[in-house]
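Chemist: Let me see the structure of the following:
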Amino acid sequence: ISLLLPGTFGLDATRGVILLGGVYYGAMYGGSTTSILMRIPGEAASVMTCIDGYAMARKGRAGAALAIAAVGSYVAGTASVVALMFLAPPLAAFALRFGPPEYLALLLLGLLVLAYMSSGSMLKSLAMAALGLLLGMVGIDQMSGYTRFSYGLVELGDGLGVVPVAVGLFGLAEILTTAGQPTAPQVQKPRLRELLPSRREWRESAWPIGRGTVLGFLIGIIPGSAHIISSFVSYAVERKLSRHPEEFGQGAVAGVAGPESANNSATSGAFVPMLALGVPSGPIPAVMLAAMMVHGVSPGPLLIQQQPVLFWGFIASMYVGNIVLLILNLPLVGFFVNLLRVPYPFLYPAILAFSILGVYAVNGSVVDLWIMLAMGALGWVLRKLDFETAPIVLGVVLAPMIELSLRQSLAMSDGRYAIFVERPIAVTLLAIGFVLLTLNLSAFVRRSLDWRARLALVEKGESP
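Modeler: Purely as a prediction, here's the structure:
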């Protein structure tokens, strides 16, 4: 989108904003395709789709996963645009109540929710999130301007990119894992009538789509790129609410429907503070805000009255964009699924080549390729040790935001940590996080006591 910004200078404000918004929307839709087919996230918000989407593809349900992702994105996108029309002013006013302390509490809560609702050990998930936060510390200090942990490499000044980290941990690690197996895994080839979801799969996806839409929109309106965590939180919520949580990671429909809906709903939610208050909620809305200001348009509460053509034209383009993307995605499901018919000895080298090209194209940096290779090796080792890698990506994404919010909060309070319990929203979010930790600790204690009781029965010669 940044590269397209100069191309909007020859257009009027309405057309320029619609062009950038269309690219943004299309990227949100397209990220799920490679996540499902190749386990390579197209962007950070598609990381969670890799887990169950790729598992469904391995079972011959790639068509169903792609269709559910497309329909979920369409429903969430359309519903969130309606909410944007009617709820923008009041929601934007509420979002302004989020300062650095509230934002830090929200980000920490997002990490805790993902760890608490993970399928494995919460301690393992928190350890992976901590590793991600540590990796996210590489680069220039946002407050002082000094470079940290770069070891003299100028290319690391901007930190570890999300793209090489995600592609390495998911795509390259999958290739290494498969290559280490004695026989190549067999992907079930779907028949024509199996390309679309069954009635049961539609029913299983209905509530996750609804919950993901609401959750993503509410998270998306918060300034500061909070919409990135919407798909992570949605996945964690769906796994906790599911009657069969053991299916997550093995091809659960809700694991695709929820995160994809939350991802696209958060995209619309991110436009609320931008249009209603002139406050961008992330780097991409900031670029769009710059495009509007270049054309002499001042976003804010008076935008609808002063620029009705731009506002309603942008809203209409989002409706049309959702329909066009749905029309483009559904007919191409069969074509995308045919990629899985390619034998693995040919498919995986092609995936590796495209991964290298994609990672290099982001910054034109060879260092990013080494980062991808290192993350691939790390992801392979962690999968062998039964660790989840998604929290690492989330930690890398959130580390700069968490650090900046923490240091801004301490600057506001002259170094007093009490600011986090003096503000109602912040203390509420932190209290919820404390409750989650307490619940997990109590469950661990119960499991420990049950284990000791069973051991005592075995020692007595009784059946546990």
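Chemist: Just the C-alphas of stretch 350-365, formatted as PDB.
Modeler: This file holds the C-alpha atoms of stretch 350-365, laid out as PDB (Å, rounded to 0.1, in the frame of the first residue of the first chain):
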ATOM      1  CA  ALA A 350       8.300 -24.800  -5.600                       C
ATOM      2  CA  ILE A 351       6.900 -23.600  -2.300                       C
ATOM      3  CA  LEU A 352      10.500 -23.100  -1.000                       C
ATOM      4  CA  ALA A 353      11.400 -21.100  -4.100                       C
ATOM      5  CA  PHE A 354       8.300 -18.900  -3.800                       C
ATOM      6  CA  SER A 355       8.900 -18.400   0.000                       C
ATOM      7  CA  ILE A 356      12.500 -17.200  -0.700                       C
ATOM      8  CA  LEU A 357      11.200 -14.800  -3.400                       C
ATOM      9  CA  GLY A 358       8.400 -13.500  -1.200                       C
ATOM     10  CA  VAL A 359      10.600 -12.900   1.800                       C
ATOM     11  CA  TYR A 360      13.300 -11.300  -0.300                       C
ATOM     12  CA  ALA A 361      10.800  -9.000  -2.100                       C
ATOM     13  CA  VAL A 362       9.600  -7.400   1.100                       C
ATOM     14  CA  ASN A 363      12.800  -5.500   1.900                       C
ATOM     15  CA  GLY A 364      15.300  -6.800  -0.700                       C
ATOM     16  CA  SER A 365      17.500  -8.000   2.100                       C
END
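Chemist: and the closest residue to residue 413 other than its chain neighbours, how many neighbours does it have?
Modeler: Spatial nearest neighbour of residue 413, excluding adjacent residues (C-beta to C-beta, 6 or more residues apart in numbering): residue 419 at 3.9 Å. Where C-beta positions appear, they are placed from N, C-alpha and C, glycine not excepted. The number of residues packed near residue 419 is 19, by other C-beta atoms under 10 Å.
Chemist: Which residues are in contact with residue 419?
Modeler: Contact analysis of residue 419 by C-beta atoms under 8 Å, 6 or more residues apart in numbering lists 101, 409, 410, 412, 413, 426.
Chemist: swap the cut-off to 10 Å and go again
Modeler: 99, 100, 101, 104, 409, 410, 412, 413, 426, 427 (C-beta atoms under 10 Å, 6 or more residues apart in numbering).
Chemist: is it true that residue 286 touches residue 274?
Modeler: Yes: counting by C-beta atoms under 10 Å, residue 286 touches residue 274, with 8.2 Å between them.
Chemist: When the two are compared, which one has more neighbours?
Modeler: Remark: of residue 286 and residue 274, residue 274 carries more neighbours, 25 against 16, as counted by other C-beta under 10 Å.
Chemist: next SSE after the helix or strand hosting the more buried one?
Modeler: Element membership of residue 274, judged by DSSP states H and E, is helix 271-277. Moving toward the C-terminus from helix 271-277, the next helix or strand (DSSP H and E) is helix 283-294.
Chemist: buried set for that next one?
Modeler: For helix 283-294, burial by neighbour count (16 or more other C-beta atoms under 10 Å) applies to 284, 285, 286, 287, 288, 289, 291, 292.
Chemist: I'd like those residues laid out as JSON lines, including pLDDT and distance to residue 431.
Modeler: Shown next, in JSON lines, are these (pLDDT from 0 to 100; distance: C-beta to C-beta, whole Å):
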{"residue": "284", "pLDDT": "73", "distance to residue 431": "32"}
{"residue": "285", "pLDDT": "77", "distance to residue 431": "30"}
{"residue": "286", "pLDDT": "73", "distance to residue 431": "32"}
{"residue": "287", "pLDDT": "75", "distance to residue 431": "36"}
{"residue": "288", "pLDDT": "78", "distance to residue 431": "36"}
{"residue": "289", "pLDDT": "78", "distance to residue 431": "34"}
{"residue": "291", "pLDDT": "79", "distance to residue 431": "40"}
{"residue": "292", "pLDDT": "80", "distance to residue 431": "39"}
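Chemist: Export those as a markdown table, with columns for distance to residue 132.
Modeler: A markdown table is the format used below for the buried residues of helix 283-294 (distance: C-beta to C-beta, whole Å):
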| residue | distance to residue 132 |
| --- | --- |
| 284 | 22 |
| 285 | 24 |
| 286 | 24 |
| 287 | 26 |
| 288 | 28 |
| 289 | 29 |
| 291 | 32 |
| 292 | 34 |
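Chemist: nearest to residue 435, of those?
Modeler: residue 285 (32.5 Å; C-beta to C-beta).
Chemist: residues contacting the closest residue to residue 169 other than its chain neighbours?
Modeler: Once flanking residues are discounted, residue 169 sits nearest to residue 379: 4.0 Å by C-beta to C-beta, 6+ apart. By C-beta under 10 Å, 6+ apart, the contact set of residue 379 is 165-174, 176-177, 387, 389, 392.
Chemist: And those residues, which of them are buried?
Modeler: Buried members of the contacts of residue 379, scored by 16+ other C-beta under 10 Å, are 165-174, 176, 387, 389, 392.
Chemist: Out of these, which is nearest to residue 321?
Modeler: Nearest to residue 321 among the buried ones among the contacts of residue 379: residue 166, at 25.0 Å, using C-beta to C-beta.
Chemist: So the residue nearest to residue 169 versus residue 17, what's the distance?
Modeler: 38 Å (C-beta to C-beta, to the nearest Å).
Chemist: again, but for residue 345
Modeler: 46 Å.
Chemist: In the stretch 201-350 of the chain, mark out all the helices, start to finish.
Modeler: Secondary structure of the stretch 201-350 of the chain (DSSP state H, counting those that start in this stretch): helices at 230-241, 254-269, 271-277, 283-294, 303-306, 308-329, 333-338, 344-363.
Chemist: hang on, the earlier thing: determine which two of the buried ones among the contacts of residue 379 are furthest apart.
Modeler: Greatest spacing in the buried ones among the contacts of residue 379, by C-beta to C-beta: 167 and 387 (18.2 Å).
Chemist: packing partners for the helix holding residue 274?
Modeler: Contacts defined by 3 or more C-beta pairs under 10 Å, 6 or more residues apart in numbering; DSSP states H and E place helix 271-277 against helix 13-38, helix 62-95, helix 199-220, helix 283-294, helix 303-306, helix 308-329.
Chemist: Out of the ones you listed, which gets nearest to residue 141?
Modeler: Smallest distance to residue 141 across the helices and strands packed on helix 271-277 (C-beta to C-beta): 18.7 Å, for helix 283-294.
Chemist: helices and strands around the closest one, which ones?
Modeler: When contacts are defined as 3+ C-beta pairs under 10 Å, 6+ apart, helix 283-294 sits against helix 13-38, helix 271-277, helix 308-329.
Chemist: try 8 Å
Modeler: Where contact means 3 or more C-beta pairs under 8 Å, 6 or more residues apart in numbering; DSSP states H and E, helix 283-294 is packed against helix 13-38, helix 271-277.
Chemist: Return the most buried member of these.
Modeler: Highest mean neighbour count among the helices and strands packed on helix 283-294 (mean count of other C-beta atoms under 10 Å): helix 271-277, with a mean of 26.
Chemist: Can you give the distance of that one from its chain's centre?
Modeler: 21 Å (C-alpha atoms, centre = their mean, to the nearest Å).
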